[in-house]
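A.B. asks: I'd like to go over a predicted model; first the sequence, then the structure.
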Amino acid sequence: MGNPKQKWTPEEEEALRAGIAKHGTGKWKNIQRDPEFNHLLFSRSNIDLKDKWRNMSVSANGQGPREKSRTPKAKSSTTDALPETPTPLAIEYTPGSGSGSCSSLAVVVDPSSTDVLHMDDSSKCLLDGKTASKYNGMIYEALSTLNDPNGLDTNAIVSFIEKKQQEVPANFRRLLTGRLRRLVAQEKLEKVQNCYRLRKEVANGTKGGPTPKPKEIRPKISPINGHLGETLEEAEIAAAYKVAEAENKSFVAAEAVKEFERVSRLAEEAEAFEHVAKEIYERCWRGEVVMVQ
DNA sequence: CTTTGGGGTATAT
DNA sequence: ATATACCCCAAAG
């Protein structure tokens, strides 16, 4: 009896990418528990992140799905080279033909925005992909916002979400309860009577014994750093510049560019954007090489 | 414990 | 069938 299967939503992938941009690949646990992404990834495990990244890397790249023992002959040691770059670069930078002239960088931002509030799932009855974990996020938000020690019952959760979004699908309630059920099954949530409440990282569950760690809860939502003295656009340009200047480190550039592109889409949220852009900016500036090819 | 890099299986399309 | 999510494992740090 496996799980119903939850496809990763663009939002989650976005969070994953952003998380990687911030913490670097491999810091799955950090990404997962980072308050900044936890609202989207709280139902995923670090292993899930790792696996997802694997899938993304593979599919965005070559063609075939996970290269198994396929092509036994060609199974050169370099088959699985470059696990990075799951996202095709939609950005072009012209190295400014040598000699010190400033590089120009053209950013192509896809018009496809991840609209969180527009769901066209009109009348879908089953929780699949998109809707699925969108609800996880909502649930999480409701639970953490109205942080009630006793948890919230379905009604409370529904009404909370209804307040946030003018409209909810007709079958919303059903979808929601389904989601709740699953999260409980996954031990992400606890159900007491008919109320649900967040669970504190079960993670290694069995081991630690009964509530061994008080685990300091810090609702610290980091007010996104003080400020860069820059406006959003300036930051954007600055980041682009640094990216371009990192040419000689093609890999870093590719990474940064990739994230930059992703981040650009996120730019609706100035805060989020600013934050991540700053990370990228700093990374490039320090020439930090997080991963090697 | 977490990361890594595998392999395997279930499930959805 | 293929992709993809999720699971399991063992080694290494």
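C.D. replies: Received, thanks. Numbers count the residues shown, from 1 in each chain, chains lettered A, B, ... in the order given.

A.B. asks: can you pull the phi/psi pair for A:Lys191?
C.D. replies: Main-chain torsions, A:Lys191, degrees, to the nearest 10: phi -120, psi 120.

A.B. asks: tell me the secondary structure at A:Arg197.
C.D. replies: strand (DSSP: H, G, I helix; E, B strand; the rest coil).

A.B. asks: got a list of what the nearest residue to it once chain neighbours are set aside touches?
C.D. replies: Of all residues not flanking A:Arg197 in the chain, A:Gly151 sits nearest, at 3.1 Å (C-beta to C-beta, 6 or more residues apart in numbering). Placement of C-beta: from N, CA and C, glycine included. By C-beta atoms under 8 Å, 6 or more residues apart in numbering, A:Gly151 lies in contact with A:143, A:190-192, A:195-197.

A.B. asks: try 10 Å this time
C.D. replies: By C-beta atoms under 10 Å, 6 or more residues apart in numbering, the residues touching A:Gly151 are A:143, A:157, A:189-198.

A.B. asks: looking at those residues, spot the one nearest DNA strand C.
C.D. replies: Closest approach to DNA strand C among these (C-beta to the nearest atom of the strand): A:Leu189, at 14.7 Å.

A.B. asks: what's around that closest one, how many residues?
C.D. replies: The tally of other residues near A:Leu189 (other C-beta atoms under 10 Å) stands at 24.

A.B. asks: if I pick it, what's in contact with it?
C.D. replies: Shown in contact with A:Leu189 (C-beta under 10 Å, 6+ apart): A:42-43, A:136, A:139-140, A:143, A:151, A:179-183, A:195-199.

A.B. asks: burial check on whichever residue of the stretch 151-293 of chain A sits closest to DNA strand C, number of neighbours?
C.D. replies: Across the stretch 151-293 of chain A, the shortest distance to DNA strand C (C-beta to the nearest atom of the strand) belongs to A:Gln186, at 6.9 Å. Close neighbours of A:Gln186, defined as other C-beta under 10 Å, add up to 15.

A.B. asks: please apply the same query to the one 5 residues further on.
C.D. replies: A:Lys191 is flanked by 16 other residues according to other C-beta under 10 Å.

A.B. asks: in chain A, which residue sits nearest DNA strand B?
C.D. replies: A:Gly26 (2.3 Å).

A.B. asks: point to the helix or strand of chain A where mean pLDDT is at its lowest.
C.D. replies: Here the helix or strand of chain A ranked lowest by mean pLDDT, DSSP states H and E is strand A:91-94, holding a mean of 34.

A.B. asks: how is the nearest residue to A:Ala185 once chain neighbours are set aside assigned, secondary-structure-wise?
C.D. replies: Spatial nearest neighbour of A:Ala185, excluding adjacent residues (C-beta to C-beta, 6+ apart): A:Asn3 at 7.7 Å. Following three-state DSSP, the label given to A:Asn3 is coil.

A.B. asks: and A:Asn3, how many neighbours?
C.D. replies: A:Asn3 has 8 neighbours, counted by other C-beta under 10 Å.

A.B. asks: again with the one 5 residues further on
C.D. replies: When counting by other C-beta under 10 Å, one arrives at 21 neighbours for A:Trp8.

A.B. asks: what about it, distance to A:Arg173?
C.D. replies: 24 Å (C-beta to C-beta, to the nearest Å).

A.B. asks: do A:Lys164 as well
C.D. replies: From A:Lys164 to A:Arg173 the distance is 15 Å (C-beta to C-beta).

A.B. asks: picking up where we left off before, so how far is A:Trp53 from the residue of chain A closest to DNA strand B?
C.D. replies: According to C-beta to C-beta, A:Gly26 stands 9 Å off from A:Trp53.
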